[in-house]
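Engineer: Here is a sequence with its predicted model. Questions after.
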Amino acid sequence: MNALPLAYFERQPLAPFTSWQIGGPADLYAEPVALEQWEEALLRARREGRRVIVFGGGSNLLVADAGVRGLVLRPGDAMEEFCEVD
């Protein structure tokens, strides 16, 4: 499958993605929905020397007002399954 290009957002506010609705921005943010997009994002982070932080649903997560340095990845709403579990 050829995934659509992954959209990246600089200085993306993270508060809307946490249950507490507080916190500063991510240096770089993306919502991959396909395996190829995850691979692209991880390769970009390595190339640029960025650390990678993966967000889940946002509960039990506090983000500092200063934000997060690095690339924040949050599985997109249309996330496809990577593998089947028997």
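Structural biologist: Thanks, I have the structure now. Given the structure is predicted, the values throughout are model-derived calculations rather than measurements. Numbering: from 1, shown residues only.

Engineer: Please spell out which residues along the helix or strand hosting residue 38 are buried.
Structural biologist: Under the criterion DSSP states H and E, the helix or strand holding residue 38 is helix 35-48. Neighbour-count burial for helix 35-48, counted by 16 or more other Cβ atoms under 10 Å, picks out 37, 38, 40, 41, 44, 45. (C-beta placed from N, C-alpha, C; glycine too.)

Engineer: ok now do the residue most central in space within the chain, which residues does it touch?
Structural biologist: Residue closest to the average C-alpha location in the chain (Cα atoms, centre = their mean): residue 73, at 1.2 Å. Under the criterion of Cβ atoms under 8 Å, 6 or more residues apart in numbering, the neighbours of residue 73 are 29, 30, 31, 32, 38, 41, 52, 53, 54, 55.

Engineer: where does the protein have low pLDDT?
Structural biologist: The chain contains residues with pLDDT under 70 at 1-3, 78-86.

Engineer: Quick one: the strands in it, in order.
Structural biologist: Secondary structure of the chain (DSSP state E): strands located at 8-13, 25-30, 52-54, 68-73.

Engineer: Out of the ones you listed, which one sits most buried?
Structural biologist: Most buried of those by mean neighbour count (mean count of other Cβ atoms under 10 Å) is strand 25-30; its value is a mean of 21.
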